[in-house]
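> Next come a sequence and a model predicted from it.
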Amino acid sequence: MPNFCHVTIVGHIGRDPELREAGGEKVCDFSVAVTRKRKDEEQTQWYRATAWRGLAETCAKYLKKGQAVLVSGNDLEVREFTGKDGKRGVSLEFQARDVQFLSRKEDGAAPSKHETADGDEIPF
């Protein structure tokens, strides 16, 4: 039986995306904060998404810190790191395959659209 990992998150962009090149391909890294309430406290989990090629360019162009976004993808990995303060932590990282811009147009987001890693744009 084949194995499969699929990730879908809805949250807010943590900082402006970073566009770079790797092996001749465009790559865009961005972080998404997913906050949920548990009893009387809020907990925020951070995810680092990586988009490639056309989707990378679209994300770099339209995503801005604070905007709401739905991101689906695969290849979820847990990475350990040591912060500048010396504390150890974990990072959840995945490959973005589908991005939906959820912020309103007046918030500076892209016009309502949904883009996939295949470069398909689906106007709403």
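Here it is on my side, so go on. Since the structure is predicted, the reported quantities are computational estimates derived from the model, not experimental observations.

> only C-alpha atoms for contact and neighbour calcs from this point on.
Noted.

> how close does the most centrally placed residue in the chain get to residue 24?
For the chain, the residue nearest the mean C-alpha position is residue 49 (4.0 Å; Cα atoms, centre = their mean). Residue 49 sits 19 Å away from residue 24, going by Cα to Cα, to the nearest Å.

> who are the neighbours in contact with residue 34?
With contacts defined as Cα atoms under 8 Å, 6 or more residues apart in numbering, residue 34 is in contact with 9, 10, 11, 12, 44, 45, 46, 47.

> circling back to that earlier point, so the residue nearest to the centre of the chain is in contact with residue 97, correct?
No. The criterion here is Cα atoms under 8 Å, and residue 49 misses it with residue 97 at 9.4 Å.

> Overlap in contacts, those two.
Counting by Cα under 8 Å, 6+ apart, residue 49 and residue 97 have no contacts in common.

> Any chance you could list what contacts the host helix or strand of residue 11?
Element membership of residue 11, judged by DSSP states H and E, is strand 6-13. Applying Cα under 8 Å, 6+ apart, the contact partners of strand 6-13 are 30-35, 63-76, 94.

> Quick check: buried residues in the one helix or strand residue 81 maps to?
Residue 81 belongs to strand 68-82 when elements are defined using DSSP H and E. Buried residues in strand 68-82, counted by 16 or more other Cα atoms under 10 Å: 68, 69, 70, 71, 72, 73, 74, 76.
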